[in-house]
Structure formats: structure tokens, C-alpha cells
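Chemist: quick one: sequence and predicted model below, then my questions.
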Amino acid sequence: MGFAATSSAVVIGLSGYVVRIEADLSPGQPGFHLLGLPEATAACTRDRVRAAILNSGYTWPDRRITVTVLPIGTPVYGAALDVAIAVAILAADGTIPIERLEHTAFLGELGLDGSIRHVRGLPCALQALVTSGIRCVAIPAGNATDGARCALLPAATLADLVGHLNRGIPAIAPSPQVQDMPPILDLADLPGNHAARHALEISAAGGHHLLLIGDGPATMLAERLPGILPDLTEATVDEVAEIHALTETPRRNWRPPLCAPHYTNTTAAIFGRRSGGRIRPGAVSLAHAGVLFLDQAPEFARSILHGLRRPLENGEILLADWEGIVRLPARFQLLLATSPCPCGGIGSCRCGPVERRHYLARLAALRDRIEITAPIHPLDRTAEPGEPGESSATVADRVAAARARTAHRLTGTPWRTNAEVPARELRTCHRLHPEAVDLLEDRLRAGAITPSTLTCLLRLSWTLADLREAARPSRDDAQRALRLWQGEPA
């Protein structure tokens, strides 16, 4: 009779859950009984594990094999537990010393030839294992560069892993790996469009959502927004890496991400989907802690534009199917761009005022979430080259200084940017100068703005004050905020 236990983890959404795998080999009718998993998953796992052990050169135990995954009923929709199950069986059979399994967990999918394959959601699983007290985790060699807070034991095959355990090869203790930063696209390379560039700076300083209207270089401006935003914090880098680990494009660097879906993308591509337990993040989650850019925004489906309201309000998205609900973070800065009319201003535009108004009215679902509107103009390729505009580094320094003042003022609160401060706090703890308040409330009573727009203007006024290093917003700041919201030069 033999008994062994190993640890592993499963990932549901962005949450990792530690599981314990127990293997018992006892006399009796030979057979392999796998308990604690959904029946369809258990059947496939049994066949993979048996074939991998045999094809790795080990003898399949000629006894009654009972393996249980605890807690019972663990939802598993992949094969990340394969290696842990195989190691538990081999340890119970005496092939691996049981003492080598202490404080070690195992992650990986087994091929029929005994190879250990890449698994999704590795950062989430590692975080859960480290929190539970695991000191070392055996992972697929293909995942060896993922960030970790524990020692790693990468292995390409089951035979390699068993050899490492038997020989006591020490695990690698890496620091979290960060990818090389992509080059920053510089604002200095984009002449003209001073109003749009200034709006971009204010948007970055306060985390405000921005709408660009015109036939100018909207995409070029959007690509330069991450370059003037502050770098991500270490915790945010980990969170963004966990989201991207659920896709085939892992990402781990300090730069805020930019996600720019096309208006022909489906609702699932924008918001994500959950099917058969597999989680596929959408654009709103891939843009978490960064920028979501929607070019030709009125062309997006009405359901998508309305659906963006929830992540803009709550910073998360809910993915549901018949098996349950998963929450994914989706706190991003929204950047919209649109032509002023349906034809895009190509050639001789014949669109009238009514057509233009109806076209822009498609954005009504998001209009009360947009704090800044700015015009953009085509680049003049025939003009004589003039003085280059400010570089991204210069603008980023001002943005960082403004954000530092904001963070200092918001110390002790859960908010870090002006765009996150709720209306109640703006009216009580963070009040504007009385003259500024009177100006905005007069506009509210006159019906020129709505209560939600008033909140946007209060937030924007604070950002303008932070940029000019003022103690609190003045009447001039409120007037500038109103002009920025209306799309007028500030």
C-alpha cells in the first residue's frame, strides 16, 4: 500500500484556487479511479496521465489506484492538474521520494508522450500557491519566464521533472521578469493640433475620458497617450500580466497598455466571454490600467456603446454563463475619435447639419462620461517645417507632477486620480472656490448641463488646478473646464 499527496492550483477568471491531490495505491482489482472532478474532465485526465507515465519510461502500477482532488467538486476546465496527478501516483508507487514533495506544487498539462505543456493563467495560479505557503512550483519549461514570487522548477517533460526531484536539483529563485519596454512614440513627431495635444495632456493628468472630433491623426495621438501616462505600479503590472496570461499574448512591462479594437469586432471581442469554463478577456480588460481607443466610435454597435457604461462606472466587467459569473477588472481611460459626419469628410462633403447631428448623437450613451472634447485637424504635409512640438518626456513630467499633487491630496482614500473621486466627496471634502461653484451651479440651474456633467466638470477643474500647482480650483479653472467639455479652445 502507498500514499502520496501533492498540491496544485486551478484558475477561474483571475482567481487562483489551491487544490490538494491525494493518490492511494492498494491491493485489489487493478484500475484507475479519479474522484473530485467533473466526469468529462476526469475521463480525459485518466487517459492522458496513464499514457504520459508509460511513454516516459515508467511502469504503470498494477494495483487499484484511487486519486482524489480536494476540495471535491473543484471546477477544472483544462489540464493544469495533469502533472500533479502523475507525480502523486509515481510518489505513491515509490518512484519519487515522498519527502521531496513537501512545500512543492506542480502545474502543467501532459502530452501523451510525457511532454509538459504551457498552461494559461500561470501568474494567477502562482499567486494563490505562494499565498498558501508553497515555496517551490514545478512549471512547464515554456512558462519559465513568467513572473513569480517563489522558486521555480521548470521541466520540459515528465521524465525530466522526476529526474530533478530524485536528484534534488535546486529550483530557480527568480525575480519577476519584466519585458523590454517598447519604444515611446514621441509627441514631438506630431506637429500642429495644439488643442488636441493640450487635451491629451489634461486627460493624462486627471485620468479623464476624451473625445476627438475631426479628420486629423487620431490614431497617432492615441498611440502617444501611453507615453505620457505614469508607469504602472508593481501591483498593477502583476494584475495586467494576469489578465494577458489568459490570452496567447503574455505581457509584462511597466507601460500602460493600449487596446484599439475595430468597430467590426463582436460584443464578445470587446467585453470578453466565458464558455465551458474558459475565460477569454475582451478589449475592456486588456486595456485595464491603460487606454481603450475606439476609432470611428459612432460606427460601433449601439449595444457595445451602451455596454461600456458599466466598466466606466465600476471598473470591472461580469462574464456569465450557465456555470456562474466571473469578474474581470476593466478600469481604463477611454479615448474616442470620430469624423464630424458619416462620410468622414472624404472628397466634397455634402452632409448637412441634421446628418452631422444625428451621426454624433450615436455617442449619446457615453456623452455624460466624456469630460473633454477636442478638435483635430489633418496634418499639413505641404507646410514649411516649423518648430517641433513638445516632446512626450516634457509633457510626461508635467503629468507626473500633477498626479503627484493629486495623490497627496487623496492620501488615505481609495482614489488616485481626479477622475475617480465620487460626486459626494467633490461637494464636501474637496470643494472648489465658491465663485467656481457658483458658476457651474448657475449653468446647472439654467439647464445647460446635467448633474452628471457637473460632476465631470468638478473633477476636470481639480486637474486644471493641479497642472498649474494651485491649492484649489478657481473660477477660471471652472470656465476652462466648461470650455473643454464643450469642445472649445481652453
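Modeler: The structure has been received and is ready for your questions. Numbers count the residues shown, from 1 in each chain.

Chemist: so what's residue 376 closest to, chain neighbours aside?
Modeler: residue 216 (3.1 Å; Cβ to Cβ, 6 or more residues apart in numbering). The C-beta positions use only the backbone N, C-alpha and C, and glycine is treated the same way.

Chemist: quick one: contacts for that neighbour?
Modeler: 193, 196, 375-379 (Cβ atoms under 8 Å, 6 or more residues apart in numbering).

Chemist: what about the stretch 351-490 of the chain, any weak spots by pLDDT?
Modeler: 380-388, 490 (pLDDT under 70).

Chemist: let's see that with 80 instead.
Modeler: By pLDDT under 80, the weakly predicted segments of the stretch 351-490 of the chain are 379-389, 489-490.

Chemist: next: the stretch 51-200 of the chain.
Modeler: Those would be 72-79, 120-121, 123, 142-150, 168-184, if you go by pLDDT under 80 across the stretch 51-200 of the chain.

Chemist: for the contacts of residue 216, which two are the farthest from each other?
Modeler: Greatest spatial distance among the contacts of residue 216 (Cβ to Cβ): 375 and 379, at 13.9 Å.

Chemist: and those two? Which one has more around it.
Modeler: residue 375 (17 against 14; other Cβ atoms under 10 Å).

Chemist: counting neighbours, what do you get for residue 309?
Modeler: Neighbours of residue 309 (other Cβ under 10 Å): 13.

Chemist: re the thing from before, return a PyMOL selection command for the buried portion of the contacts of residue 216.
Modeler: Buried members of these, defined by 16 or more other Cβ atoms under 10 Å, are picked up in PyMOL with:
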select buried, resi 193+196+375+376
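
Chemist: could the contacts of residue 216 go into a markdown table alongside secondary structure?
Modeler: A markdown table is the format used below for the contacts of residue 216 (DSSP: H, G, I helix; E, B strand; the rest coil):
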| residue | secondary structure |
| --- | --- |
| 193 | coil |
| 196 | helix |
| 375 | strand |
| 376 | strand |
| 377 | coil |
| 378 | coil |
| 379 | coil |
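
Chemist: closest to residue 415 out of the contacts of residue 216?
Modeler: Of all the contacts of residue 216, residue 415 sits closest to residue 196, with 27.0 Å by Cβ to Cβ.

Chemist: surely the closest one and residue 212 touch.
Modeler: Yes - between residue 196 and residue 212 a contact is recorded at 6.0 Å, counting by Cβ atoms under 8 Å.

Chemist: what ranges does the stretch 151-300 of the chain have for its strands?
Modeler: Assigned by DSSP state E, counting those that start in this stretch, the stretch 151-300 of the chain shows strands spanning 151-155, 210-214, 258-259, 272-275, 278-281, 291-295.

Chemist: distance to residue 62 and mean neighbour count for those strands - can I get that in CSV?
Modeler: Converted to CSV, the strands of the stretch 151-300 of the chain look like this (distance: least, Cβ to Cβ, whole Å; neighbours: other Cβ atoms under 10 Å):
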stretch, distance to residue 62, mean neighbour count
strand 151-155, 27, 20
strand 210-214, 69, 23
strand 258-259, 54, 20
strand 272-275, 40, 18
strand 278-281, 36, 19
strand 291-295, 58, 25
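
Chemist: want to throw those into CSV with distance to residue 437?
Modeler: Below are those laid out as CSV (distance: least, Cβ to Cβ, whole Å):
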stretch, distance to residue 437
strand 151-155, 56
strand 210-214, 25
strand 258-259, 36
strand 272-275, 41
strand 278-281, 41
strand 291-295, 31
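
Chemist: show me where the stretch 1-150 of the chain has its helices.
Modeler: Using DSSP state H, counting those that start in this stretch, the helices of the stretch 1-150 of the chain run over 39-55, 82-92, 122-131.

Chemist: most tightly packed of those helices?
Modeler: Highest mean neighbour count of the helices of the stretch 1-150 of the chain: helix 82-92, a mean of 27 (counted as mean count of other Cβ atoms under 10 Å).

Chemist: could you say what helices and strands that helix packs with?
Modeler: strand 2-12, strand 15-26, helix 39-55, strand 64-70, strand 104-106, strand 109-110, helix 158-167 (3 or more Cβ pairs under 8 Å, 6 or more residues apart in numbering; DSSP states H and E).

Chemist: so residue 104 is in contact with residue 153, correct?
Modeler: Yes - if you go by Cβ under 8 Å, residue 104 and residue 153 touch, sitting 7.5 Å apart.

Chemist: shared neighbours, the two?
Modeler: Joint contacts of residue 104 and residue 153 (Cβ under 8 Å, 6+ apart) are 136-138.

Chemist: any chance of the residues you listed in JSON lines, plus neighbour count?
Modeler: Formatted as JSON lines, those follow (neighbours: other Cβ atoms under 10 Å):
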{"residue": "136", "neighbour count": "19"}
{"residue": "137", "neighbour count": "26"}
{"residue": "138", "neighbour count": "25"}
